[in-house]
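In: task: produce atomic coordinates for the following.
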Amino acid sequence: MRAFLLTAIIVIIAFVIKVDLTEGSLQFTNFYTEKTKQLQCEQQQEPDYISIQTMQDDTIHSLFALHPAKEPMTFPERLQLFYKLNPHLQLQALTAGENIKLPLSFPQQNQCEN
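Out: Got it, this is the predicted structure:
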């Protein structure tokens, strides 16, 4: 009888662990609320942009002239947003055929706390 009860308990524990690992019972807890909030804030703070493919002899100035911003902004502000969207271009020149993102407006204001 003792062996039967011990086997039943082990089977029940194994079943509970299996269900917890596959379906999860911890999804209702708030372990990762701070990381989730930070990720949502970062996603909301991305500026409005268009993706374009560069051609030979394109410069940042010429691309900004061809694709004007939706709202007024100075060249340094737009350049800062450009490098935020394209961090790989900070220390190199534009090459033909490269896909880049051109900012069109500032990031939307949200209620995220910094």
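In: and the strands in the chain?
Out: 49-53, 99-103 (DSSP state E).
In: most tightly packed of these?
Out: Ranked by mean neighbour count, those are led by strand 99-103 with a mean of 19 (mean count of other C-beta atoms under 10 Å). For every residue, glycine as well, the C-beta is placed using N, CA and C.
In: measure how that strand sits relative to strand 49-53, angle-wise.
Out: Strand 99-103 and strand 49-53 are oriented at 150 degrees to each other (axes from the mean of the first three to the mean of the last three C-alpha atoms, to 10 degrees).
In: partner strands of strand 99-103 and their direction?
Out: Sheet pairing of strand 99-103 (DSSP bridges) gives strand 49-53 (antiparallel).
In: alpha carbons only: can I get the strand it pairs with in PDB?
Out: What follows is strand 49-53, C-alpha atoms only, in PDB (Å, rounded to 0.1, in the frame of the first residue of the first chain):
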ATOM      1  CA  TYR A  49      10.500  57.000 -40.600                       C
ATOM      2  CA  ILE A  50      10.600  55.700 -44.100                       C
ATOM      3  CA  SER A  51      12.900  53.000 -45.400                       C
ATOM      4  CA  ILE A  52      14.800  53.700 -48.600                       C
ATOM      5  CA  GLN A  53      17.600  52.100 -50.600                       C
END
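In: gap between it and the chain center?
Out: Centroid separation for strand 49-53 versus its chain: 17 Å, with C-alpha atoms, centre = their mean, to the nearest Å.
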